[in-house]
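J.: give me a 3D structure for the following:
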Amino acid sequence: MNRIALAVTTTIVTLFAGASVAQTVLTASSWVPPSHTLSMAQKEWCDLLEKNTSGKMKCNILPRSVSAPPGTLDAVKNGLADISFTVHGYTPGRFVYTQMAEFPFLGESSEPISVAFNRVASKYPQFGTEHQGVKVISYFTHGPGIVFNTKRPIIKVEDLSGLKFRVGGGMVNEISKSLGMNVTLKPATDSYELLSGGVMDGTLFPAESTESFKIDKIIKHATFFPGGLYNTSFVFMMNQAKYDKLTADEKKAVDAISGEVAARIYGRGWDRVDRRGIALMQANNVQIVKADAKFVSDVKAKVSALEQNWVRDAEAKGLKDAAKVLTEFRSEIAKASK
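T.: Below is the predicted model:
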């Protein structure tokens, strides 16, 4: 009897040990707090992966980031984490094609822009070549970019000069310079310190960031533009070597929730907190200005050359007929917005 019990126990232990060995764990890193929409979207994706694989795949979300924001792509590339996300503009000059998703007036919400971004980027392999060493899970953007400051209402282009602004890099830096703004490239996570200490007078952010970076009680003025003054492109990615080592079924599970599926997770999350951010501004009596037709027209005139420059640079790097690709992107945004 004891021998039978021992055999049963050994079998159970072996089965559990085998199940443990069979589970594939992905280490996930985030450079924003767990309550930030980026961290929450990454967790939602991880939870979906675990659910879809009946627990055979899961994420181990690390307690702290493996890198400062600008170094995240290389950290994932070098295997310090299996998955994470980053802002393309945090490494100036490294990404050209993805700047397509950073132009002014693209759309009123993150989800349709992010969906369109993936549809177009997946069609043109050149986008992938800018991400050597990582497996792109999805591209996405935040919501429409807003001009925030602590000093005065901004109702015309001339009001943008004479103030010091934090920007995140990428196309927003070029847009800001075209508008005569005095800007400094710093990660979003530095915003509270820069604004509260008076080092900067303002920042360019989506609505969500006023709450997540705790500047909602510091900023006094916000200027909204139809479709946003700018946008920011992100990549959600996996270490390429880690992906290559997955079984065929595991790759299928990852691929099934990549691209547009992941883009919708990030986009919906961002749109939700953007709405909350706007409500918070109103509760804190932030003076909101909506750019009028003259202001918008003046901005368009000053930044018009940036699209031509992007077309030139993208084609020089290998993207054929980049102007057509940009038009296709805007068309996909319109379709996804319906």
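J.: from here on, just use CA atoms for contacts and neighbour counts.
T.: Will do.
J.: just the strands in the stretch 101-250 of the chain please.
T.: In the stretch 101-250 of the chain, the strands defined using DSSP state E, counting those that start in this stretch lie at 134-141, 146-149, 164-167, 182-185, 202-205, 221-224, 233-239.
J.: where does Ile278 fall, secondary structure wise?
T.: Here Ile278, judged by DSSP states H and E, is contained in helix 260-283.
J.: list of residues touching that helix?
T.: Applying CA atoms under 8 Å, 6 or more residues apart in numbering, the set of residues contacting helix 260-283 from outside is 37-38, 40-42, 44-45, 109-112, 114-115, 118-119, 137-143, 206-211, 216.
J.: redo that, cut-off 6 Å
T.: Residues outside helix 260-283 that contact it (CA atoms under 6 Å, 6 or more residues apart in numbering) are Thr37, Ala41, Ser110, Glu111, Ser114, Val115, Ser138, Phe140, Ala207, Glu208.
J.: one more: stretch 328-338?
T.: Pro112, Ile113, Ala116.
J.: just the buried ones from those residues?
T.: Pro112, Ile113, Ala116 (16 or more other CA atoms under 10 Å).
J.: show me what contacts the last one?
T.: For Ala116, the contacting residues are Glu332, Ile333, by CA under 6 Å, 6+ apart.
J.: what's the burial count for the nearest residue to Asn182 once chain neighbours are set aside?
T.: Excluding its sequence neighbours, the residue lying closest to Asn182 (CA to CA, 6 or more residues apart in numbering) is Lys164, at 5.1 Å. Lys164 sits with 19 neighbouring residues when counted by other CA atoms under 10 Å.
J.: show me what contacts Lys164?
T.: Asn182, Val183, Met200, Asp201.
J.: quick one: contacts for Asp292?
T.: Per CA under 6 Å, 6+ apart, neighbours of Asp292: none.
J.: try it again at 10 Å.
T.: Ile155, Lys156, Phe224, Phe225, Pro226 (CA atoms under 10 Å, 6 or more residues apart in numbering).
J.: go on, Ser161?
T.: Ser161 neighbours (CA under 10 Å, 6+ apart): Ile154, Ser176, Lys177, Leu179, Gly180, Met181, Asn182, Val183.
J.: let me know the average pLDDT across the strand or helix carrying Ala323.
T.: According to DSSP H and E, Ala323 maps onto helix 322-336. In this model, helix 322-336 has an average pLDDT of 97.
J.: in it, what counts as buried?
T.: Quick answer for helix 322-336 (16+ other CA under 10 Å): Ala322, Ala323, Val325, Leu326, Phe329, Arg330, Glu332, Ile333.
J.: over to stretch 140-154?
T.: 140-150, 152-154.
J.: against Lys51, how distant is Thr232?
T.: For Thr232, the distance to Lys51 (CA to CA, to the nearest Å) stands at 30 Å.
J.: can you redo the buried ones among the contacts of stretch 328-338 as TSV with distance to Arg276 and pLDDT?
T.: Listed next are the buried ones among the contacts of stretch 328-338 as TSV, based on distance: CA to CA, whole Å; pLDDT from 0 to 100:
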residue	distance to Arg276	pLDDT
Pro112	19	98
Ile113	19	98
Ala116	24	98
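J.: what's the ChimeraX line that selects buried ones from the contacts of Asp292?
T.: Selection of buried members from those for ChimeraX, criterion 16+ other CA under 10 Å:
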select :155,224,225,226
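J.: now, the contacts of Asp292 that are in helices?
T.: Judged by DSSP state H, the subset of the contacts of Asp292 located in helices is empty.
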